[in-house]
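1. Build me a structure from this.
(4 chains)
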Protein chains: 2
Amino acid sequence: MPVTIHDVAKAAGLSIATVSRALNNTGHAVSDEKRQLIHELAAEMGYQPNEAARSLRTDRSQIIGVIVDDITTPFTPIIIRGIQDTLKAAGYSCVILNTDWDPEVEKEAIRKLAQHSIKGIIFVETWHRQATSELGLNDKKVVFVHRLFSLPSLYSIVPDEIYGARLATQHLVDLGHQRIAYINGPMNYYASTDRLKGYQSILHEAGIAFDESLIARGDWEVRSGFEAALRLLDHPERPTALFAANDKMALGAIYAAQKLGLRIPYDLAVVGYDDTELASLVQPMITTVTLPCYEMGEAAARMLLELLAGSDDYKEEQRIRGELMIRESCGAIAPQSGRKLKPTAIQRRLTMMS
Amino acid sequence: MPVTIHDVAKAAGLSIATVSRALNNTGHAVSDEKRQLIHELAAEMGYQPNEAARSLRTDRSQIIGVIVDDITTPFTPIIIRGIQDTLKAAGYSCVILNTDWDPEVEKEAIRKLAQHSIKGIIFVETWHRQATSELGLNDKKVVFVHRLFSLPSLYSIVPDEIYGARLATQHLVDLGHQRIAYINGPMNYYASTDRLKGYQSILHEAGIAFDESLIARGDWEVRSGFEAALRLLDHPERPTALFAANDKMALGAIYAAQKLGLRIPYDLAVVGYDDTELASLVQPMITTVTLPCYEMGEAAARMLLELLAGSDDYKEEQRIRGELMIRESCGAIAPQSGRKLKPTAIQRRLTMMS
DNA sequence: ATGAAAGCGCTAACAA
DNA sequence: TTGTTAGCGCTTTCAT
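-> Below you'll find the model as predicted:
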């Protein structure tokens, strides 16, 4: 039988009201003496306030719902960690619900959360965003992270795809490349359209004419990168560099180049995107741009915390920047590039392996 | 203002008790007519029972706590999905808490869960198992999944490592290999000791003498597999096959072989373990044994459900079997192996790529 | 500064 | 078959 506030009150010879006040650091005055006594007793007796009773009474819990579409992607768990760490520091816990891209399951999840006098909800990569307006969720605070398809919206955190693509492309330009091919992802992803924009903007700034024939489209998978690169490298004026919209397609491109007898990075420099584990595991290790998942999670949690704290100004969509991870596939650390960068731990490891 | 049971009762012209009984399918009799009316009304009004009130009253919630050590491994999210899908079908939701291998955080997590009249807890890969006995968790049902270091115990679900290693080794033996090297993981993992046992048992059954000089140890990372294989392949009687205790080390071994000018799988057949995404992404694609994460999650959830249903017989540790994924690195599908297997979709894809 | 008491929404024992 | 009611453990007015 768990110890209740009554047990503590009895032990202290005080009323439950006083115990509650002492323990909750409410504004209400409690003499230091009794407060101290109560705290000691509570700790000693192992008193754990019953959260169900507390939230029944106050209609607020310290729980945030996190609804994710797919917990098995490489990105989602990291976003969750960012959210959880930030929220934990503020005294909240998370209920994580996985919807598996099923709008019905998502509705059900929202219903579940609504039952629990949840304070707010963070949607991760959620498809069925329209959920907000439905389901009497109006009063709850809602934040979105990592929008994949839907329109830009208030209260959301997304990666700065344009910036990331600019980083990648600029790096290739800095390395002296003029003919830079680009393998894009499927059309309906923001990651595709924005990364293309970033690529184009750097080309423009560098005074390099945009060449449609240097663009191909894949479906994020290795295979599609392989096939796209095969076509791209068949170009009469073969590109000397290639930027792929994700690491898997970059890997496919590397395989294609190797099949054609081209050496990476000497005959073709390759840069990927996402910085998935893959990028630092394969040979050559892939230079890539990080998707700042952890930071996105943090930002989402912070935004929700602000909302919860009563800040009622509209929150604009917030873009989080990733960074360039220079590794082997781009040639930046190869001796003949003319530039010697201080090798990172990963780069040193690589050197020893090859 | 959310609609309560009182609102429904008033609308139906009945007492709240009747509404409660109708909605909860309790044993208590309710006339079909009123039951129907109540259900319609509840749906129409969007009635959501307040879970806090319900669990305050009944001291039981439909929530299961899932405590994981590291949500960012490739395995944990899949285990979670297995747990969640199974539990959801039984009407439970999960609270997922990530401890980041910190025993203090774990204690805190358990405390948090205890406050919420949680029904049971599933620990995933948890280091600090001793938690069970502490913290007044005695009355709660607890199940463990994927023990990494601790002793075998009741109420736990683990992968059948010995079986998996037997699968891998037998495959190599079937392919005609006699000198099969093995790269093990760190000593303190069950995955290491048991996979070694499986390897040895097949050798024994095949009448192949165990040769200590064919064994090396890595730390699960690519680099260690690379170095281990370099040593192993330097053997006067070079092994013709190599089994690595995980996919990353298998990849390292492949790199080592390639560096030595050996062709995979012709000069060296390689089999990995875990079936991480990596295994089907690299060239050559790695033959490997699956770690049945989803099934382990399912089994854990089922075990907890049984416990919750009142089954009070002790549950022995349950071992879940993975399966062999035949791909390129072992030579089983190469023409000169003398055996032609029906290629899987993945294998077909691979053929097209090489 | 402290206590008494109401009541959050619900379930279940008891009455009718 | 239905209704009345106590009370789960807590916070928070209102008294004192």
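
2. give me every residue that touches the residue in the stretch 51-200 of chain A that DNA strand C sits nearest to.
-> Ranked by Cβ to the nearest atom of the strand, the top residue of the stretch 51-200 of chain A for proximity to DNA strand C is A:R57, at 3.5 Å. (Each C-beta comes from the backbone N, C-alpha and C, glycine too.) If a contact means Cβ atoms under 8 Å, 6 or more residues apart in numbering or on different chains, then A:R57 has no contacts.

3. quick one: what helix or strand has it in it?
-> helix A:51-58 (DSSP states H and E).

4. my guess is A:V3 meets A:A43, correct?
-> No. In this structure, A:V3 is not within contact of A:A43 by Cβ atoms under 8 Å, at 11.2 Å.

5. Could you check which of the two has the larger neighbour count?
-> Using other Cβ atoms under 10 Å in any protein chain shown as the criterion, A:V3 and A:A43 rank with A:V3 on top: 15 against 9.

6. ok, the more buried one - contacts?
-> In this structure, A:V3 makes contact with A:45-48, judged by Cβ under 8 Å, 6+ apart.

7. Leaving out the residues flanking it, which one is nearest to A:A42?
-> Counting by Cβ to Cβ, 6 or more residues apart in numbering or on different chains, A:V8 is the residue found nearest to A:A42 once chain neighbours are left out, at 5.3 Å.

8. and the helix or strand that that neighbour is a member of, what does it pack onto?
-> For A:V8, the enclosing helix or strand under DSSP H and E is helix A:5-12. Where contact means 3 or more Cβ pairs under 8 Å, 6 or more residues apart in numbering or on different chains; DSSP states H and E, helix A:5-12 is packed against helix A:16-24, helix A:32-45.

9. Quick check: pLDDT value at A:T99.
-> On the pLDDT scale, A:T99 is placed at 87.

10. Do I have it right that it meets A:V66?
-> No. Judged on Cβ under 8 Å, A:T99 makes no contact with A:V66 at a distance of 11.0 Å.

11. Neighbour count: the two, which is higher?
-> Between A:T99 and A:V66, counted using other Cβ under 10 Å, A:V66 has the larger neighbour count: 31 against 25.

12. Is that one bridged to anything, and to what?
-> A:I96, A:I122 (DSSP bridges).

13. Pull the contacting residues for it.
-> So A:V66 contacts A:80, A:83-84, A:94-97, A:121-122, A:124 (Cβ under 8 Å, 6+ apart).

14. how near is it to B:E277?
-> Look at A:V66 and B:E277: by Cβ to Cβ, to the nearest Å, they are 24 Å apart.

15. Need the nearest residue in space to the closest residue to chain B within the stretch 101-250 of chain A, chain neighbours excluded.
-> Of all residues in the stretch 101-250 of chain A, A:Q115 sits closest to chain B, at 4.4 Å by Cβ to the nearest Cβ. Excluding its sequence neighbours, the residue lying closest to A:Q115 (Cβ to Cβ, 6+ apart) is B:E51, at 4.4 Å.

16. pretty sure the one you found contacts B:R60?
-> No. Contact status for B:E51 versus B:R60: not in contact, 10.8 Å apart, counting by Cβ under 8 Å.

17. Please identify which of those two sits among more neighbours.
-> Under the criterion of other Cβ under 10 Å, the comparison of B:E51 against B:R60 puts B:E51 first, with 24 against 12.

18. Who are the contact partners of that one?
-> Counting by Cβ under 8 Å, 6+ apart, B:E51 makes contact with A:52, A:115-117, B:61-62.

19. same deal with A:A216?
-> Contacts of A:A216 (Cβ under 8 Å, 6+ apart): A:181-184, A:228-229, A:231-232.

20. Which one (most neighbours) among those?
-> The most crowded member of these, judged by other Cβ under 10 Å, is A:A229 (30 neighbours).

21. I'd guess that residue is in a helix, am I close?
-> Yes. Per DSSP: H, G, I helix; E, B strand; the rest coil, A:A229 lies within a helix segment.

22. Tell me the buried residues in stretch A:193-210?
-> For stretch A:193-210, a neighbour-count test (16 or more other Cβ atoms under 10 Å in any protein chain shown) marks A:194-196, A:198-203, A:208 as buried.

23. closest point of chain A to DNA strand C, which residue?
-> Ranked by Cβ to the nearest atom of the strand, the top residue of chain A for proximity to DNA strand C is A:A29, at 2.2 Å.

24. For the residue in the stretch 101-250 of chain A that DNA strand D sits nearest to, the count of nearby residues, please.
-> Nearest residue of the stretch 101-250 of chain A to DNA strand D (Cβ to the nearest atom of the strand) works out as A:S117 at 11.9 Å. Using other Cβ under 10 Å, A:S117 has 20 other residues around it.

25. what's the answer for A:D312, then?
-> Residues near A:D312, counting by other Cβ under 10 Å, number 8.

26. Next: A:K10.
-> 14.

27. quick one: it from DNA strand D, how far?
-> The gap separating A:K10 from DNA strand D is 11 Å, by Cβ to the nearest atom of the strand, to the nearest Å.

28. got the contact list for that residue?
-> Contacts of A:K10 (Cβ under 8 Å, 6+ apart): none.

29. low pLDDT regions in the stretch 251-354 of chain A?
-> A:333-354 (pLDDT under 70).

30. all helices for it, in order.
-> Assigned helices in the stretch 251-354 of chain A, in chain order: A:277-281, A:293-308, A:345-353 (criterion: DSSP state H, counting those that start in this stretch).

31. and the shortest one, anywhere near chain B?
-> Yes. Looking at helix A:277-281 against chain B by Cβ under 8 Å from any Cβ of the partner chain, the contacts come from A:277-278, A:281.

32. so what secondary structure elements neighbour that helix?
-> Against helix A:277-281 (3+ Cβ pairs under 8 Å, 6+ apart) you get helix A:247-259, helix B:277-281.

33. taking those helices together, which one is wrapped up most tightly?
-> Ranked by average neighbour count under the criterion mean count of other Cβ atoms under 10 Å in any protein chain shown, these are headed by helix A:247-259 at a mean of 26.

34. Now do the same contact list for the most centrally placed residue in chain A.
-> For chain A, the residue nearest the mean C-alpha position is A:C293 (2.4 Å; Cα atoms, centre = their mean). Counting by Cβ under 8 Å, 6+ apart, A:C293 touches A:75, A:78-79, A:82, A:146.

35. between those, which is closest to B:L308?
-> The nearest member of those to B:L308, counting by Cβ to Cβ, is A:I79 at 31.2 Å.

36. Work out for me the element that closest one sits within.
-> A:I79 belongs to helix A:76-89, assigned by DSSP H and E.

37. Measure how far that helix is from the centre of its chain, please.
-> 10 Å (Cα atoms, centre = their mean, to the nearest Å).

38. That one packs against which elements?
-> Using 3+ Cβ pairs under 8 Å, 6+ apart as the contact test, the elements touching helix A:76-89 are strand A:63-68, strand A:93-98, strand A:120-124, helix A:293-308, helix B:76-89, strand B:93-98.
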